[in-house]
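S.K.: below are the sequence and a predicted model; questions follow.
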Amino acid sequence: MAAAEQRQTVIERALSNLTGAWRDVANSAARTIGLPEPLLPPTDRRALRRFMRECLDAKGGEVSARMQAAELGQVYLEADPAGRACFRQVLAEDFGVDYAKVKEATATFEAAVDEAERHRAAHELRQSLIPSRSALLRKFSALDNGVKFLVDLRADLLAETNPTPALVALDADFRDLLLSWFDFGFLDMEQISWSSPAALLEKLIAYEAVHEIRSWDDLRNRLDSDRRCYALFHPRMPEEPLAFVEVALHDGLAESVQDLLDEEAPLANPSQADTAIFYSISNTQAGLKGISFGEFLIKCAVRRLSAEQPNIKTFATLSPVPGFARWLAKVDDDLLRAAVGDDSGKLTEAASESDPAVALRALLSRNGWSDDRKLCKSLKEPMMRLVAAYFQERRDNREPIDPVARFHLRNGARLERVNWRGDVSTKGLRQSHGIMVNYRYLPESMEANHESYASDRRIAASSDVKALLKAARGLASRKSSESEQRRSA
């Protein structure tokens, strides 16, 4: 089963379980305290609005409120896409901030004449700015699996293609609530092994976002004795990993993910390994977008490994360069000519093209080029220069354009090594022409690297990478020279 299908199956099963559980709660309410049977038409805005107000009013006490919240959640879970969209619209448009109350509270604050009045008025003003739906969202969170329901509801909200201002405001409310609930202090890191529950292992397969888990044998290999897998959990979502990292205990830096994931490779002795390679970090919950768990997870994993495997002295990643191929497809041909430099003869001959830039593009688009050892040897130096130039490219805020680089550099890692043919899978060739990099986490310099990056956007790098980056800066002058020569010809 493909990863996308596996993920969809896991999600559908979770929703089915939640729907059944909440239906039982709602039906129990109907029998116990006389609530009406649920399932109003999900696109009936008036009925939804009335039902939400009744849930907020909580007449009949907390038990009644809990049952009504379960019933309302059941309406959403059993609705079709149009019904769910209507539910979100009502929540966004009819249960937001009451601006009349804000105006009144502002006037009261401005009219306050002494300190006591100002404190009371400031409190009332703060309260008036809280949308009424916040109380409704908290009622959902009190239910079994209610936090997971809200996370999934936000995922649906984020999938809106043209959100209205009201829906954008609703998302901001969700994000604020979830940020407070998913504070790192509430999270636990657990090791996942082959003996973990099958349902959890199935979720690893479904949620793996970097290197697809192709089979149960592949998963077992990733959980063997020379590997580690750590996941973060929240006590209100105990069966759902929020993020997980896969680690290989290795001798030195890894340069090829195919070698790292080779199921036929001999088992390494963990007690003799000197390096922990973090080769895959996946966030699992779309509804928690904007809440980053990766940095916390890596630091927890480093602490755990340092305590349990004192022979491990080096902590590094084997990371993709996901935007490189897309960037290379758009760059000026003069930059390609400058990067090819003295290797132009080999490449133009191999491609039967006179222009080195045209030759380079033609060779990279050729099927099976990565299997041609002679061609790969000719391509290596120009491509290493170009990927170094890619890491020099910056966004408007001066951060690198590569998202993986931004993540690790913000965390205080340094760019340690660039690996040619690091990932020759179809995905690896498509996104980075097979190049991968190692980011190294040195505990003694992480804080300084983080501060340097945060203040000056300075990229911490090893001496080898610094030489590459320096050469990439030289491409600019060579590019200008190439342009001048072509204009003069």
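M.R.: That came in fine, so what should we check first?

S.K.: going forward, measure contacts and count neighbours with C-alpha atoms only.
M.R.: Noted.

S.K.: any idea how far the residue sitting furthest away from the middle of the chain is from residue 120?
M.R.: Distance from the C-alpha centroid of the chain peaks at residue 113, with 49.9 Å (CA atoms, centre = their mean). As judged by CA to CA, to the nearest Å, residue 113 and residue 120 stand 11 Å apart.

S.K.: please enumerate the strands of the stretch 301-450 of the chain.
M.R.: Applying DSSP state E, counting those that start in this stretch to the stretch 301-450 of the chain gives strands spanning 314-317, 319-320, 414-419, 436-441.

S.K.: sheet-wise, list the partners of the first one with their directions.
M.R.: Applying DSSP bridges, strand 314-317 is found paired with strand 275-283 (parallel), strand 436-441 (antiparallel).

S.K.: relative to residue 188, which of those strands is closest?
M.R.: Closest to residue 188 of the strands paired with strand 314-317, according to CA to CA: strand 275-283, at 15.1 Å.

S.K.: for the record, mean pLDDT for stretch 284-298?
M.R.: Mean pLDDT, stretch 284-298: 94.

S.K.: just put the strands paired with strand 314-317 in a markdown table and tack on distance to residue 189.
M.R.: Listed next are those as a markdown table, based on distance: least, CA to CA, whole Å:
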| stretch | distance to residue 189 |
| --- | --- |
| strand 275-283 | 14 |
| strand 436-441 | 19 |
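
S.K.: pipe the ones you listed into a markdown table and attach distance to residue 422 and mean neighbour count per row.
M.R.: Below are the strands paired with strand 314-317 laid out as a markdown table (distance: least, CA to CA, whole Å; neighbours: other CA atoms under 10 Å):
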| stretch | distance to residue 422 | mean neighbour count |
| --- | --- | --- |
| strand 275-283 | 12 | 23 |
| strand 436-441 | 5 | 25 |
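
S.K.: out of the ones you listed, which is closest to residue 86?
M.R.: Of all the strands paired with strand 314-317, strand 275-283 sits nearest to residue 86, with 28.4 Å by CA to CA.

S.K.: could I have the closest one exported to CSV, CA atoms only?
M.R.: Coordinates of the C-alpha atoms in strand 275-283 are reproduced here as CSV (Å, rounded to 0.1, in the frame of the first residue of the first chain):
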residue,chain,number,x,y,z
THR,A,275,28.0,8.9,15.4
ALA,A,276,24.2,9.3,15.6
ILE,A,277,22.7,10.1,12.2
PHE,A,278,19.3,11.8,12.2
TYR,A,279,18.1,10.9,8.8
SER,A,280,14.4,11.6,8.9
ILE,A,281,12.3,14.0,11.0
SER,A,282,8.5,14.0,10.3
ASN,A,283,5.7,16.1,11.8
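
S.K.: gap between it and the chain center?
M.R.: Put simply, strand 275-283 sits 13 Å off its chain's centre (CA atoms, centre = their mean, to the nearest Å).

S.K.: go on, stretch 171-179?
M.R.: Relative to its chain's centre, stretch 171-179 lies at 17 Å (CA atoms, centre = their mean).

S.K.: contacts for it, please.
M.R.: Here stretch 171-179 makes contact (CA atoms under 8 Å, 6 or more residues apart in numbering) with 134, 151, 154, 157-158, 288, 290-291.

S.K.: how about 7 Å then?
M.R.: If you take CA atoms under 7 Å, 6 or more residues apart in numbering as the criterion, stretch 171-179 is touched by 154, 291.

S.K.: likewise for stretch 143-152?
M.R.: Residues contacting stretch 143-152 (CA under 7 Å, 6+ apart): 140-141, 236-237, 287-288.

S.K.: residues contacting the residue nearest to the spatial centre of the chain?
M.R.: Using CA atoms, centre = their mean, the residue of the chain that lies closest to the mean C-alpha position is residue 283, 4.7 Å off. The contact partners of residue 283, taken as CA under 7 Å, 6+ apart, are 242-244.

S.K.: list the beta-bridge partners for it.
M.R.: Applying DSSP bridges to residue 283 yields these beta-bridge partners: residue 243.

S.K.: pLDDT score for residue 65?
M.R.: For residue 65, the model assigns a pLDDT of 78.

S.K.: hmm, residue 58 and it touching each other?
M.R.: Yes. Here residue 65 reaches residue 58: they are 4.8 Å apart, a contact under CA atoms under 7 Å.

S.K.: looking at the two, which is more packed in?
M.R.: Comparing residue 65 with residue 58 by other CA atoms under 10 Å, the one with more neighbours is residue 65, at 21 against 16.

S.K.: who are the packing partners of the helix or strand containing that one?
M.R.: In the assignment (DSSP states H and E), residue 65 maps to helix 61-78. Helix 61-78 sits against helix 3-33, helix 45-57, helix 133-141, with contacts defined as 3 or more CA pairs under 7 Å, 6 or more residues apart in numbering; DSSP states H and E.

S.K.: tell me the angle of it relative to helix 133-141?
M.R.: Computed by axes from the mean of the first three to the mean of the last three CA atoms, to 10 degrees, the angle separating helix 61-78 from helix 133-141 equals 90 degrees.

S.K.: how close does the closest residue in space to residue 347 that isn't next to it in sequence get to residue 50?
M.R.: Of all residues beyond its chain neighbours, the one nearest residue 347 is residue 359 (6.1 Å), with distances taken as CA to CA, 6 or more residues apart in numbering. Counting by CA to CA, the separation of residue 359 from residue 50 is 67 Å.

S.K.: mind checking which of the two has more residues around it?
M.R.: residue 359 (24 against 11).

S.K.: residue contacts, the more buried one?
M.R.: Per CA under 7 Å, 6+ apart, neighbours of residue 359: 347-348, 351, 353.

S.K.: try it again at 10 Å.
M.R.: The contact partners of residue 359, by CA atoms under 10 Å, 6 or more residues apart in numbering, come to 336-337, 340, 344-353, 365.

S.K.: from the residues you listed, pick the one nearest residue 181.
M.R.: Of all the contacts of residue 359, residue 181 sits closest to residue 365, with 47.5 Å by CA to CA.

S.K.: low-confidence regions, the protein specifically.
M.R.: For the chain, the stretches flagged by pLDDT under 70 are 1-43, 60, 476-489.

S.K.: mind giving me the domain split of it?
M.R.: Domain assignment of the chain by automatic domain parsing yields the ranges 15-96+131-181, 185-317, 324-488.

S.K.: picking that back up, and the residue farthest from the centre of the chain, how far from residue 148?
M.R.: Distance, residue 113 to residue 148, by CA to CA: 46 Å.

S.K.: repeat that for residue 351.
M.R.: Counting by CA to CA, the gap from residue 351 to residue 148 is 54 Å.

S.K.: equivalent analysis for residue 362, please.
M.R.: As judged by CA to CA, residue 362 and residue 148 stand 48 Å apart.

S.K.: quick check: residue 229 is in a strand.
M.R.: Yes. Counting by DSSP: H, G, I helix; E, B strand; the rest coil, residue 229 is part of a strand.
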